[in-house]
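>>> when you get a sec, could you give me coordinates for this:
(chains A, B, C and D)
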Protein chains: 2
Amino acid sequence: MANIDDVAKIAGVSKSTVSNVFSKKRPISKEVSQRVLDAALDLNYRPNYWARSLANKRTNIIGLNMPGEQVKFSQFHLGLFNGVLKECYSQGYRLLVNTLSTEFSKQVEYVATDPVDGDILLDPAENDERISERIMRKLPLVVIGRPHHEYESSVSYVDNDNVGMGQIVAEHLLQLGHSHILFLNTQKERTVAQDREQGFIKAFQKADMPIDPKLIVYKDGKLTSTTYGYQMTKRLLASHPQITAIITDTDKVALGVYQAAEELKLRIPDDLSVFAFSDDSIYAPEFKPPLTGVRLNGEVLGSEAAKLLIEQLRVPNTIVKRILIPASLVFRGSCAKARTENNK
Amino acid sequence: MANIDDVAKIAGVSKSTVSNVFSKKRPISKEVSQRVLDAALDLNYRPNYWARSLANKRTNIIGLNMPGEQVKFSQFHLGLFNGVLKECYSQGYRLLVNTLSTEFSKQVEYVATDPVDGDILLDPAENDERISERIMRKLPLVVIGRPHHEYESSVSYVDNDNVGMGQIVAEHLLQLGHSHILFLNTQKERTVAQDREQGFIKAFQKADMPIDPKLIVYKDGKLTSTTYGYQMTKRLLASHPQITAIITDTDKVALGVYQAAEELKLRIPDDLSVFAFSDDSIYAPEFKPPLTGVRLNGEVLGSEAAKLLIEQLRVPNTIVKRILIPASLVFRGSCAKARTENNK
DNA sequence: TACGATGATAAAACCGGTTTACTATTAAAG
DNA sequence: CTTTAATAGTAAACCGGTTTTATCATCGTA
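Residues are numbered from 1 along each chain as shown, chains lettered A, B, ... in the order given. Sure, this is the predicted structure:
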């Protein structure tokens, strides 16, 4: 492959002139410019991306980083991904999807700086090494989802309005007359769990209704989602027969609820209303009855995150920002008015 | 950021020794190694990705390239994407998604070589510049989908077994007693159209049945898929009332067929069987009746493509390969036995 | 005519690694 | 006790760009 020296020689100019013709960092006279471009065309020359990045200390690539072993993209990620790409596309950035196995990235011969100008991080966890590492290295960073307290004020992030969502959902069910609502929350450590719960409680307080703390349960990380939904539904309905509605984290959990309900001969939604956060799955409409949930705007989340990051790259030292994306309910038929004493 | 010279100085060795400790290209004694690693840890040093790439002429990044303006990933792409990522993950490659707007990539200041070791190309087109360009530059390349004749024998590719699929579908319908089958094919220029048609015809020949060429129609690029399905169904059913089954390209086309059928008061599947290639959409199960189609193994397609490419990168001058992924029918209820004269 | 200012190009240093060619040391072989 | 071979490490060149500094011609102005 031809390099910048070859072009310089053919065009009869110095390499710095060729460089400036391509990078446009300094004006080069029309005639010389043309001579250089002609020579480049002749030799089929293009500036080398790596050499340029090395000298520029910029790559025009942003990274999308998902936690180690989890490589599966879901429907929600698809939207997110489309959002990020849309933004990259229009602003001239490439996207590097980074899901190297830890096995690889720990080996000495693979240790290296990341080949990106900045990163979008998914699913932040408590004491997330990925975050602390990037802060230490001063790498521009935007997190999708709320990071834990330790980083919350030092890192820009974009998140669903989980508090708001929790509240809206609870209010909706309260208005339908449900007063004993089982909340099958996700793992306690995750920030989503805490946020949704907070909204849930807020709705009860606003309505001046008492909350039974036993009706908020958390997923055990070891259980599969469906098993979790199934087991908890059976257990809690046995101990708390007053329950008329269940809020689940995902539709997979809801599937377990449906199974339990069938065994218990409870009709949905007549005897039991079921609600699921995240409308992201392709299965939601296939439930019988179709599952009511919220629409997570993955695409908006993605594009906002990308915008935020690119802004950081363009204008260094931008302040830390938080963006909350509101979500809307999607009514499908798995929620109904609470059964009253007479039709019980 | 600390660089290799800093580390060398602290550890009291030359930079080439540091380089060899990290790249492991030459053995360095245990003690010196340790001294270097300690110094690196102290300085929080990591080898610079771009400097390394420049010297090595390898990036360990593979590119996923979609045609210019089309940035939307669909359900099918999702599977494909998961397949590619799975392979990257286990083989230590990063994935660069490349969807820069042409507006950007044509500007002189953005012209550059691609920062990848090789590319996976989606949706090859006739006279595809992306292909010819990469062949010229000798960039390793794997195409997903069958490229046109000009490149077919010079480029490795992975594709669905469209010929086989066309044949299986036609055979299935023939066995159900349909003899007048309308084939709403996609644009004539696309290789998928040609392949599926070939399989379709093969099935008829094998069954020794005549084909009415008027019953194979092609999509006009300007129409939306649904309009295409709707208009063609109305037109062809009017001129050829013997038609008892319709094969469509996608479920969007099928939706148009369903609409037309409803207007014509034809019941599906009793009066009219409908089949759709590609099960990739989330809508297929939501049709009434649910749509019968084929399962495209996007994930397999993706992982096979990635494997092929990585093999090319590891072993230069590997021969050109073609991989066909078989697809399987998914029966859902939109196809039935052909109506016979008596129940017509 | 001489002066500083301006603009275009060139020469050389630099970005941060890898690699080649060479030297010094030690071990094994004859 | 040499000779040969293998091992460990280094200096310098190199990968292909960018950038700083220097050079030189041209121009307006005093």
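
>>> only C-alpha atoms from now on, for both contacts and neighbour counts.
Fine.

>>> per-residue pLDDT, residue A:343?
Here, the pLDDT recorded for residue A:343 equals 44.

>>> same deal with residue A:193?
The confidence metric pLDDT takes the value 91 at residue A:193.

>>> near DNA strand C, which residues of chain A show up?
Taking C-alpha under 7 Å from any atom of the strand as the contact definition, chain A meets DNA strand C at A:12-17, A:26-29, A:31-32, A:51, A:54-55.

>>> what sits against the most centrally placed residue in chain A?
Per C-alpha atoms, centre = their mean, the C-alpha nearest to the average position across chain A is that of residue A:144, at 4.6 Å. In this structure, residue A:144 makes contact with A:120-124, A:157-159, A:301-302, A:305, judged by C-alpha atoms under 8 Å, 6 or more residues apart in numbering or on different chains.

>>> can you rerun that using 7 Å?
Residue A:144 makes contact with A:121-123, A:157-159, A:305 under the criterion C-alpha atoms under 7 Å, 6 or more residues apart in numbering or on different chains.

>>> most neighbours among the residues you listed, which one?
If you count neighbours using other C-alpha atoms under 10 Å in any protein chain shown, the busiest of the contacts of residue A:144 is residue A:305, which has 29 neighbours.

>>> my read is it is in a helix, agree?
Yes: read with DSSP: H, G, I helix; E, B strand; the rest coil, residue A:305 is one of the residues of a helix.

>>> can you pull the domain assignment for chain A?
Structural domains annotated on chain A: A:4-56, A:61-161+A:299-326, A:162-296, as defined by automatic domain parsing.

>>> between those domains, which one is closest to DNA strand D.
domain A:4-56 (3.4 Å; C-alpha to the nearest atom of the strand).

>>> end-to-end on that closest one?
Counting by C-alpha to C-alpha, to the nearest Å, the length from the leading to the trailing residue of domain A:4-56 is 16 Å.

>>> for stretch A:182-190, same thing?
Distance across stretch A:182-190, first residue to last, is 19 Å (C-alpha to C-alpha).

>>> which strands and helices sit next to the worst-scoring helix or strand of chain A on mean pLDDT?
For chain A, the helix or strand with the lowest mean confidence is helix A:102-106, at a mean of 77 (criterion: mean pLDDT, DSSP states H and E). With contacts defined as 3 or more C-alpha pairs under 7 Å, 6 or more residues apart in numbering or on different chains; DSSP states H and E, helix A:102-106 has no packing partner among the helices and strands.

>>> any buried residues in that helix, and which?
residue A:104 (16 or more other C-alpha atoms under 10 Å in any protein chain shown).

>>> is residue A:178 in contact with residue A:338, as I believe?
Yes: counting by C-alpha atoms under 7 Å, residue A:178 sits close enough to residue A:338 to count as a contact (5.2 Å).

>>> what segments of the stretch 201-344 of chain A are strands?
Secondary structure of the stretch 201-344 of chain A (DSSP state E, counting those that start in this stretch): strands located at A:216-218, A:245-248, A:273-276, A:292-295, A:322-325, A:328-330.

>>> if you compare the ones you listed, which one is most tucked away?
Taking mean count of other C-alpha atoms under 10 Å in any protein chain shown as the contact definition, the stretch among the strands of the stretch 201-344 of chain A with the greatest mean neighbour count is strand A:273-276, which reaches a mean of 27.

>>> mean confidence score for it?
Summarised as a single mean, pLDDT over strand A:273-276 is 92.

>>> next one: stretch A:116-133
Averaging pLDDT along stretch A:116-133 yields 89.

>>> what comes up buried for it?
Neighbour-count burial for stretch A:116-133 flags A:116-125, A:131 (criterion: 16+ other C-alpha under 10 Å).

>>> ditto for stretch A:238-257
A:243-257.

>>> what do you get for stretch A:33-50?
Buried residues in stretch A:33-50, defined by neighbour count with 16+ other C-alpha under 10 Å: A:33, A:35-40, A:45-50.

>>> done for today, thanks.
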